[in-house]
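K.L.:
Build me a model from this:
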Amino acid sequence: MRINSITLTNFRQFSGMQTFELESPTSKPVTLIFGANGAGKTTLLNAFTWALYGDMSEDVEEQHRMVTDVVWRALPTGDSVELAVELTFDHEGHNYRLRRSAQVRKQSDEQEKPSADMRLWQTMGDGSSEEIGAPQESIYNILPKRVSRFFFFNGERIEKLVQKGAYAEVQQDIKVLLDLEQVERALEHLPKVDRRLTADIKKHGGERASGIQTTIDELLDREADSRDELKVLEVDLATLNGEREGVTELLRQHASAAPIQKERDRVADELTDAKTQRTAAITERASLVATRGFLAFTDELATRTAEKAAALYQKGALPAPLKREFVDQLLEEGKCICGTSLISDSPAWHSVTDWRQRAGLQMVETAWQQLSGQITQLHSVRQELHESLQAVVKRITAERERVSRLEETMSELDGQLNDPGKEDVQQLESKRLDLEARIGTKRERIGALRGAVEQTHREIEQKTAERSKAEVTDELATKARARSDLVQAVRGALEEILAIRKEDMRNRLDAKLKDVFGRITIKPYIPRLSPDFELALYQDVNGIELPVAKSTGENQILSMSFVAAVSELAREIRADRQADGELPADAGMYPIVMDAAFGSLDQNYQREVSRVLAQMAPQLVVLVSKSQGLGQVVGELKHYVSHLGVIVTHTTSKSDATEDIELDGVAYPYIRPSADADYAELRGIK
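P.N.:
Numbers count the residues shown, from 1 in each chain. Just a heads-up that it's a prediction; the model follows:
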């Protein structure tokens, strides 16, 4: 999907009809639009999503006031005015024009949320346009709504992707974007198919087969109920995690609670570190005992073995690695391997006999040397084991004491935040503790349900095997059983395919995340996408990866790295399919439209983020203020820019608000005083 233009008609700050061209070549994929704070950058971002989906982001206030205020005030009561956003874009070899519009009738000075209509046209090969039925469904197929947040976002709020409550939604969104959802849908439909088939087994299969099938149906229902409850609980858990993070953030910002919460955050990070170190030490001890623990019991054994071996060696009775049976057989047969007859007491016979004796003694000598060396080493490796165990036990003890001390400190800090003298703080802390308890309960239930699902799945497999062996005389039931067995085999195969593809996609996405993040950051942090698609940062400390307490800027960098990685992987997957002839050349390409992309970043990070995004996005529309965009951002992006624009702010402010923006040595209007109205003007420069 490549956006060619956007046209706004009386859309919030943008009065009248205003068009901005966005078509850009692959070599220059960037459009850079400047605007002052409040000029309409966020409105422009939301114009894209409103046209595509009819929605705007939560950070847009007064969402019912869609028509430009100056236009609305001038409109006579009873009259109507047009509100619209129109997009033209290309997708997979086709050209489209999308228009979402409404005729808004003024009944009072207050606006009500309008009901808009959506229309979509496709340009045909002969240049004519054909309107597409079910336009919203067509847009969902082109760019599913739930994954649009990876491509249309506010940079200052994108860090929500790394919040504890976000991973469940992110995981599902990634499945949609990377073509995993189709397999899940197939798995959802298979039980319905199977139930229709097994009805014949219950009806015609005989008493035993019918009884087994009834049990299987009950188990399948139980499994489905458990899976449904799991989905609900996982969503609930994500919501509770988000609420807890929100309450914690309020405590961080509260005047009287902030110092305490800051200290608690520090202690919490150190406590996490201590628990990680403790777990690592316990794991190391277990590994030592499992792999080398037997050495502790070899002291007496080594001594006794050495004494016995010495006695046997003196007798020449140590077992040799090579046996003498072959030579004995030659003497018994009376013929050497060279063909010479071995007559008793002949020179040849004596020669072979002497060789037999010498060979045996040589092998005994070798065996003795090997055994002596191994026994000697036992003492040193046993001493090494003793020292290693002492060291690891000392670490375990130290970390346990540190955990205990930090937990006491946490308890004291919790008590300070729960002080009745700080009523508002106490309410926040009480809410946080309540959320902690509810999160713990949800996690316990999720763990129990997962175990129940696994157990039920094993029982289903067992009963299905019993059903296969049960005698069935009716031909219809026999066919139904065979088909049901096939459905179960398909289901198992699809589950394996889903697990493999999901893990493959996660690994590829994790690798790209690390690559992108590594290009941006100067810190030795390691980003990681967990099996549950949770984003986190780690740091290697003495060979152990410990979680990093991320700053706002680091959260933003991590989130933007993830978005860039998702965009690139989506294109790679579509490119793979396109190479097989399944998709057109531009498949998997989506624009990135981002507002306030660099607000929390310093200049170094602004430069690196700009460079990475310009190189990874097939089309990038960046909305920035003058203070954010000039300097590092423009300097890095200018080689990739095909369009430059300014959202000119027209204001009725009485102060001298005139301000220009200088680009490539030319001054352009940025803020202009207006005698009668406040509105925004979207003006193209390049």
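K.L.:
Please count neighbours and contacts with C-alpha atoms only from this point.
P.N.:
Noted.
K.L.:
okay but residue 686 is in contact with residue 644, surely?
P.N.:
Yes - counting by CA atoms under 8 Å, residue 686 does reach residue 644; the two are 4.9 Å apart.
K.L.:
low pLDDT regions in the stretch 151-300 of the chain?
P.N.:
155-172, 175-181 (pLDDT under 70).
K.L.:
now the helices: where do they sit in it?
P.N.:
With DSSP state H, counting those that start in this stretch as the criterion, the stretch 151-300 of the chain has helices at 167-177, 181-204, 207-253, 258-292, 299-315.
K.L.:
So between residue 686 and residue 644, which is more surrounded?
P.N.:
More neighbours surround residue 644 than the other of residue 686 and residue 644, with 20 against 11 (other CA atoms under 10 Å).
K.L.:
what sits up against the helix or strand harbouring that one?
P.N.:
Taking DSSP states H and E as the criterion, residue 644 maps to strand 641-651. Outside strand 641-651, the residues that touch it by CA atoms under 8 Å, 6 or more residues apart in numbering are 21-22, 24-25, 28-36, 39-41, 657, 669-675, 677-686.
K.L.:
Now, of those residues, which are buried?
P.N.:
Burial by neighbour count, judged by 16 or more other CA atoms under 10 Å, picks out 21-22, 24, 28-36, 39-41, 657, 669-674, 678-683 from those.
K.L.:
In a strand, residue 669, correct?
P.N.:
Yes - the assignment for residue 669 (DSSP: H, G, I helix; E, B strand; the rest coil) places it in a strand.
K.L.:
can you pull the contacts of it?
P.N.:
By CA under 8 Å, 6+ apart, the neighbours of residue 669 are 646, 648, 659-661.
K.L.:
Could you look up the SS state of residue 527?
P.N.:
Criterion first, three-state DSSP; result for residue 527: strand.
K.L.:
got it, and residue 113?
P.N.:
Under three-state DSSP, residue 113 falls in the coil class.
K.L.:
Enumerate every residue touching it.
P.N.:
63-66.
K.L.:
In PyMOL, how would I select just the buried ones from those?
P.N.:
Remark: buried members of these, expressed as a PyMOL selection using 16+ other CA under 10 Å:
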select buried, resi 65+66
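K.L.:
quick check, nearest of the contacts of residue 113 to residue 239?
P.N.:
Here the nearest of these to residue 239, counting by CA to CA, is residue 63; it sits at 24.0 Å.
K.L.:
which residues does the residue lying closest to residue 652 once chain neighbours are set aside contact?
P.N.:
Once flanking residues are discounted, residue 652 sits nearest to residue 674: 4.9 Å by CA to CA, 6 or more residues apart in numbering. Contact partners of residue 674, counting by CA under 8 Å, 6+ apart, are 650-653.
K.L.:
Compare those residues and tell me which has the most neighbours.
P.N.:
residue 650 (23 neighbours).
K.L.:
List buried members of the contacts of residue 669 by neighbour count.
P.N.:
The buried subset of the contacts of residue 669 (16+ other CA under 10 Å) comprises 646, 648, 661.
K.L.:
Next one: the second one from residue 658, what distance?
P.N.:
Just to be clear, that refers to residue 648. 11 Å (CA to CA, to the nearest Å).
K.L.:
Please verify my assumption that residue 619 contacts residue 613.
P.N.:
No - checked against CA under 8 Å, the pair residue 619 and residue 613 is beyond contact range at 9.5 Å.
K.L.:
quick one, which of the two is more surrounded?
P.N.:
residue 619 (27 against 22).
K.L.:
And that one, how close does it get to residue 682?
P.N.:
For residue 619 relative to residue 682 (CA to CA), the value is 19 Å.
K.L.:
picking that back up, give me the sheet partners of the strand holding residue 644 and which way each runs.
P.N.:
If you go by DSSP bridges, strand 641-651 pairs up with strand 30-35 (parallel), strand 666-673 (parallel), strand 679-684 (antiparallel).
K.L.:
Now that strand: average pLDDT?
P.N.:
Mean pLDDT, strand 641-651: 91.
K.L.:
what's the following helix or strand after it?
P.N.:
Past strand 641-651, the next helix or strand by DSSP H and E is strand 659-663.
K.L.:
quick one: contacts of that next one?
P.N.:
626, 667-672.
K.L.:
what are the C-alpha coordinates of it, in PDB please?
P.N.:
Only the C-alpha atoms of strand 659-663 are listed here, as PDB (Å, rounded to 0.1, in the frame of the first residue of the first chain):
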ATOM      1  CA  GLU A 659       6.900  33.000  12.900                       C
ATOM      2  CA  ASP A 660       8.600  31.500   9.900                       C
ATOM      3  CA  ILE A 661      10.400  28.200   9.300                       C
ATOM      4  CA  GLU A 662      13.600  28.200   7.200                       C
ATOM      5  CA  LEU A 663      14.200  25.200   4.900                       C
END
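K.L.:
Quick check: end-to-end length of stretch 572-592?
P.N.:
16 Å.
K.L.:
now the residue minimising distance to the centre of the chain, what's its secondary structure?
P.N.:
Against the mean C-alpha coordinate of the chain, by CA atoms, centre = their mean, the closest residue is residue 533 at 2.7 Å. Recorded secondary structure, residue 533: coil (three-state DSSP).
K.L.:
My read is that it contacts residue 506, right?
P.N.:
Yes - here residue 533 reaches residue 506: they are 7.5 Å apart, a contact under CA under 8 Å.
K.L.:
if we can go back for a sec, next, format the buried ones among the contacts of residue 669 as CSV and append distance to residue 480.
P.N.:
Putting these into CSV (distance: CA to CA, whole Å) gives the following:
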residue, distance to residue 480
646, 68
648, 71
661, 75
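K.L.:
How about the backbone phi and psi for residue 64?
P.N.:
phi -70, psi -20 (degrees, to the nearest 10).
K.L.:
need the contact list for it.
P.N.:
With CA under 8 Å, 6+ apart, residue 64 has these contacts: 111-114.
K.L.:
Which member of those is positioned nearest residue 388?
P.N.:
residue 113 (71.0 Å).
K.L.:
Now for the contacts of residue 64, which sits with the most neighbours around it?
P.N.:
Highest count within those by other CA under 10 Å belongs to residue 111, 18 neighbours.
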